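> please find the sequence and the predicted model below.
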Amino acid sequence: MNFSESGHQVTARLTAVPVWSDSGTRYVHVGITGRYNGADENKLRFSGRPESNVADIYVDTDNIASDHAWHLGLEGMWGYGPFSLLGEYVQAWVSSRAAGDPSFHGWYLTGSWFLTGGGPRSYDRTVG
C-alpha cells in the first residue's frame, strides 16, 4: 500500500472543568471530540472487545467499502469525595454509498466508590 492509499486521520478534543472545589475533591469534567477517519484502500472496519485483554472481539463490521467516516464523542465525569461517575458516547457516520451510509454508536457509564477512605479519584486538570 502506498501513502496515497492509506487513511489519514485528524482528531480534535476540547475539555473543560466547569466545577472545581475543595482542592479537587469535588469536580465536573466535560469534553467533546471530533475525528475525521480516512479509509485505507477505500475500506473501513469497526471492531471492539470488552475492557479485558483476554476477551475476544465481540463487535465486528468486517470491511465496509468507504471513503471516510466522521466521529463525534461526548464525555463527562463527576467526582464528589470518594464517589465518581464517568460516561462517554461516540457516534460514527460512515460515507459509503455501497452500504447505505451506515452510522454506529456506542457508550459506557461507570461509577466508583472508594471504601477505604483513601480520598477522591485522582484527576489531573492539565491533561483532562
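Nice, I can see it. Residues are numbered from 1 along each chain as shown.
> what about residue 27, how many residues nearby?
Using other Cβ atoms under 10 Å, the number of residues around residue 27 comes to 20. Every residue, glycine included, has its C-beta placed from N, CA and C.
> for residue 111, see how far away it is.
Distance of residue 27 to residue 111, given as Cβ to Cβ, to the nearest Å: 15 Å.
> one more: residue 13?
23 Å.
> wasn't residue 23 part of a strand?
No - looking at residue 23 with DSSP: H, G, I helix; E, B strand; the rest coil, it is helix, so not inside a strand.
> can you give me the neighbour number for residue 120?
Residue 120 has 19 neighbouring residues, counting by other Cβ under 10 Å.
> excluding covalently adjacent residues, which one is nearest to it?
Leaving aside its sequence neighbours, residue 120 sits nearest to residue 25 (Cβ to Cβ, 6 or more residues apart in numbering; 4.7 Å).
> so what's that neighbour up against?
The contact partners of residue 25, by Cβ atoms under 8 Å, 6 or more residues apart in numbering, come to 79-81, 119-120.
> so residue 91 touches residue 102, yeah?
No - with contacts counted by Cβ atoms under 8 Å, residue 91 stays clear of residue 102, the gap being 11.6 Å.
> if we can go back for a sec, can you tell me which of the contacts of residue 25 are in strands?
If you go by DSSP state E, these have 79-80 in strands.
> what's the lowest-mean-pLDDT helix or strand in the chain in contact with?
Every helix and strand of the chain was ranked by mean pLDDT, DSSP states H and E. The lowest is strand 47-48, at a mean of 88. With contacts defined as Cβ under 8 Å, 6+ apart, strand 47-48 is touched by 57-61, 106.
> now the element after that strand, going C-ward?
Following strand 47-48 in sequence order, the next helix or strand is strand 59-60 (DSSP states H and E).
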